[in-house]
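Colleague: what follows is a predicted protein model with its sequence.
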Amino acid sequence: MFLYNLTLQRATGITHAIHGNFSGTKQQEIVVSRGKILELLRPDANTGKVHTLLTMEVFGIIRSLMAFRLTGGTKDYIVVGSDSGRIVILEYQPSKNMFEKVHQETFGKSGCRRIVPGQFLAVDPKGRAVMIGAIEKQKLVYILNRDAAARLTISSPLEAHKANTLVYHVVGVDVGFENPMFACLEMDYEEADNDPTGEAAANTQQTLTFYELDLGLNHVVRKYSEALEEHGNFLITVPGGSDGPSGVLICSENYITYKNFGDQPDIRCPIPRRRNDLDDPERGMIFVCSATHKTKSMFFFLAQTEQGDIFKVTLETDEEMVTEIRMKYFDTVPVATAMCVLKTGFLFVSSEFGNHYLYQIAHLGDDDDEPEFSSAMPLEEGDTFFFQPRPLKNLVLVDEQENLSPIMSCQIADLANEDTPQLYVACGRGPRSTLRVLRHGLEVSEMAVSELPGNPNAVWTVRRHIEDEFDAYIIVSFVNATLVLSIGETVEEVTDSGFLGTTPTLSCSLLGEDALVQVYPDGIRHIRADKRVNEWKTPGKKTIVRCAVNQRQVVIALTGGELVYFEMDPSGQLNEYTERKEMSADVVCMSLANVPPGEQRSRFLAVGLVDNTVRIISLDPSRVVVSDIQESLFWVRYKRNENQLIIFADDTHPRWVTTACLLDYDTMASADKFGNISIVRLPPNTSDDVDEDPTGNKALWDRGLLNGASQKAEVIVNYHIGETVLSLQKTTLIPGGSESLVYTTLSGGIGILVPFTSHEDHDFFQHLEMHMRSEFPPLCGRDHLSFRSYYFPVKNVIDGDLCEQFNSMDPHKQKSVAEELDRTPPEVSKKLEDIRTRYAF
């Protein structure tokens, strides 16, 4: 099995957002990271609409993102920290509409590792240096400058490592044009590690450490370190030099604290809480993100709590010494991963869950009657200020960006009867959860209108033959009659269809390849292709109250809760099974799944009863496949006599399974929480016959292999998506199209895995992928093959997202790759388009 992976909907959740003048013009732009995607957005200053200029898949995990501008420059560059073990500096080229890699410096191994930098980025506010840090121990500083041709240059890395130290956050301190300075929230765990009693761990304090880059000596030194009373979660840089007092604000649980060098005393202000808050009053309150706005005459910060409340924070100074922190309730918006205040007066909020928003800052909140809180106000230790939340007052919503993240579940079905199925996705968290319907295509055109003689209670469309492209009949059921309309150039009533018109209809559909079935209260009418009719009548005074029908099976419920089951044999005859099942209460609803390809029947019937219970009835000794959150998939056989489930086969690899999907009788697709999709298949010689072992223990233990079942499934596909997959479904996305495996991710992405139908296609795309890996490597420096093989080596999947970047390459590169494939560039583009439209859109 060889598969081709395609993304239908890129991830919509935003993990990082930065703003600046990336195109070199006066326009303000926003760069966002969506996990493994880098995107450039431009809000229109006149209309407020956010336009997407460029989207690039980087085939790596973006861990940190910062904008910086060289001193005296007019253009912002983008620094990216990722899982590539490299620092990458990108420049946006408006003429080509692409990100150009200016520098790529390797410093460590790939992957998200504790001691390899990439998790934290900080830039000197004057654009002279950048620090990239790891979660533990390692920090590197690069000096940035420009050469004689005004090109950006980067130095060799200068180390600022400290062993046994965890880092929580890093920022660049604004010190004007003195030696660049970086502030870190750190914790030294050496003593705690060596103390078996646990006392040292309980007493370990977080420290605020300043690192200075001495530009004269080309060396980084630890300038100053101070233990903190509260545990801080992030730092905010305070403007310095001629713009402000410099220093940092430490955001910690329940408090925000200003610190700086020299004689500056600490200024500490409690975080205000909601009056009459329904949340636990003992629970600490923290700020989760912030945005800074600076002009030539003033600056302020917007800081957001984990409840979504935004506070405007200002500092009062007296001869360059900060005397007071002032806070004022500003507005409440959804909890954000990042906020950006643009010079055009907009506030961009990338929501943690749900849609992202662009607000116009209508008022700065200076003139309203909202109370202002100050660090100078006398309060007892542990007390805080209270405020009253209200609807938006200072912000005006001007645009909204759709965000499906997190997609918790997805079902694909044509509930709207549009031929093309819709994706029904459950998105979000808490009160901002949504059920969204995703569809692709053009508007439906009205072909004909036909007046009806009364109020119908149901309507169906059916084909005459399974191969027919269009439906042949519209069946309309009334309280005491059934109307049959033929579909052609016009829609008109027919009387020779074989349907019974003097009774209401409960269900009708195509049965087998060319037969029709009509279920009505007094019986079942089986209409063969040659118009022969077989009829089954209900016994006695009983009537049919509910039914479930698919291509080969019919199940009816009679009054009193009796179920009757029919199945079509190979000759096309509909046969009643002799055994009938009595339910304990009246049936209110029933459902049968479609018959899976290559199988004779759907193996389960779902029945809803009037006593508020749902029963699942087996129509077949069903084989059962089970997944768990540690050991992957198990194939289980149910032994009716002993009422036991016996494991007869399992997977060879452990997997933390989040969702699974049966592809055929022997093949399962599964996804795990680390972002991998795998397909495993039972070998042809696998036996589920465990009857020779009455106890079942032999299958479990005596014949075990690798601490598991005696028979092992074969892994036929491994592929790293890069986002946690929560839904897998085998379906057809376009009418008449082939089946594909559709997946949705926690980040709001939707993609498909499609099978190759010819060796020629597979060979072509395999070679295209190979050339793309070498000619167009990923933007952030991650090796493409390593990324797609993050946890398991990639197996039997071609990356369509990489192949489709062929259209983004320079024309001369396109030509050289196409020549290697014995094709022209338009032919390669056509092949890429064909495989996409064959399965999706």
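Modeller: Nice, thanks for sending it over.
Colleague: residue boundaries of the helices in the stretch 101-250 of the chain?
Modeller: Using DSSP state H, counting those that start in this stretch, the helices of the stretch 101-250 of the chain run over 190-194, 199-203.
Colleague: what's the answer for the stretch 651-800 of the chain, then?
Modeller: 697, 759-775, 784-788, 800-803.
Colleague: which other helices and strands contact the longest one?
Modeller: Translated: helix 759-775. helix 784-788, strand 797-799, helix 800-803, helix 811-820, helix 825-839 (3 or more CB pairs under 8 Å, 6 or more residues apart in numbering; DSSP states H and E). Every residue, glycine included, has its C-beta placed from N, CA and C.
Colleague: how far off helix 811-820 does that helix point, in degrees?
Modeller: 140 degrees (axes from the mean of the first three to the mean of the last three CA atoms, to 10 degrees).
Colleague: helix, strand, or coil at the residue lying farthest from the centre of the chain?
Modeller: In the chain, Gly540 marks the outermost C-alpha relative to the chain mean, sitting 56.1 Å out by CA atoms, centre = their mean. Using DSSP: H, G, I helix; E, B strand; the rest coil, the structure places Gly540 in coil.
Colleague: distance of it from Lys581?
Modeller: Gly540 sits 18 Å away from Lys581, going by CB to CB, to the nearest Å.
Colleague: try Leu483
Modeller: 34 Å.
Colleague: between these two, point out the one with more neighbours.
Modeller: Between Leu483 and Lys581, counted using other CB atoms under 10 Å, Leu483 has the larger neighbour count: 20 against 16.
Colleague: now that one. Nearest residue, chain neighbours left out?
Modeller: Leaving aside its sequence neighbours, Leu483 sits nearest to Val476 (CB to CB, 6 or more residues apart in numbering; 4.4 Å).
Colleague: contacts for the helix or strand hosting the one you found, please.
Modeller: Element membership of Val476, judged by DSSP states H and E, is strand 473-477. Outside of strand 473-477, the residues within contact range by CB atoms under 8 Å, 6 or more residues apart in numbering are 452, 456-462, 464, 482-487, 491, 494, 497, 499, 504-506, 508, 518.
Colleague: among these, the buried ones, what's the ChimeraX command?
Modeller: Listed next is the ChimeraX selection for buried residues among these, using 16 or more other CB atoms under 10 Å:
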select :456,460,462,464,482,483,484,485,487,497,499,504,505,506,508,518
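Colleague: just the ones in strands from the contacts of strand 473-477, please.
Modeller: Members of the contacts of strand 473-477 lying in strands (criterion: DSSP state E): 458-462, 482-487, 491, 508, 518.
Colleague: which one of these is nearest Leu8?
Modeller: Thr461 (27.2 Å; CB to CB).
Colleague: what is the closest one paired to in the beta sheet?
Modeller: Legend: beta-bridge partners of Thr461 under DSSP bridges are Ile474.
Colleague: please apply the same query to Arg615.
Modeller: Arg615 has these beta-bridge partners by DSSP bridges: Val607.
Colleague: just to revisit the earlier point, looking at the helices and strands packed on helix 759-775, which is buried most?
Modeller: Burial of the helices and strands packed on helix 759-775 is given as mean neighbour count (mean count of other CB atoms under 10 Å); strand 797-799 ranks first at a mean of 24.
Colleague: ok, the residue positioned nearest the centre of the chain - contacts?
Modeller: The centroid of the chain falls nearest to Ser747 when counting by CA atoms, centre = their mean (1.8 Å). By CB under 8 Å, 6+ apart, the contact set of Ser747 is 11-13, 34-35, 405-406, 723-724.
Colleague: go again using 10 Å as the cut-off
Modeller: Ser747 sits next to 10-15, 34-37, 403-407, 675, 721-725 when contact means CB atoms under 10 Å, 6 or more residues apart in numbering.
Colleague: do the same with Ala201
Modeller: 189, 191-193, 195.
Colleague: make it 7 Å
Modeller: Residues in contact with Ala201 (CB atoms under 7 Å, 6 or more residues apart in numbering) are 192, 195.
Colleague: and it, how far from His169?
Modeller: Distance from Ala201 to His169, by CB to CB: 21 Å.
Colleague: repeat that for Leu65.
Modeller: Leu65 is 15 Å from His169, by CB to CB.
Colleague: Phe107 now?
Modeller: Using CB to CB, Phe107 is found at 20 Å from His169.
Colleague: with neighbour numbers in mind, choose between those two.
Modeller: More neighbours surround His169 than the other of Phe107 and His169, with 20 against 17 (other CB under 10 Å).
Colleague: so who does the more buried one touch?
Modeller: 120, 185, 234-235.
Colleague: go on, Leu605?
Modeller: Neighbouring residues of Leu605 by CB under 7 Å, 6+ apart: 548, 555, 590, 592, 617, 619.
Colleague: what's the answer for Arg773, then?
Modeller: Under the criterion of CB under 7 Å, 6+ apart, the contact list for Arg773 reads 784-785.
Colleague: tell me the secondary structure for Lys531?
Modeller: Per three-state DSSP, Lys531 ends up coil.
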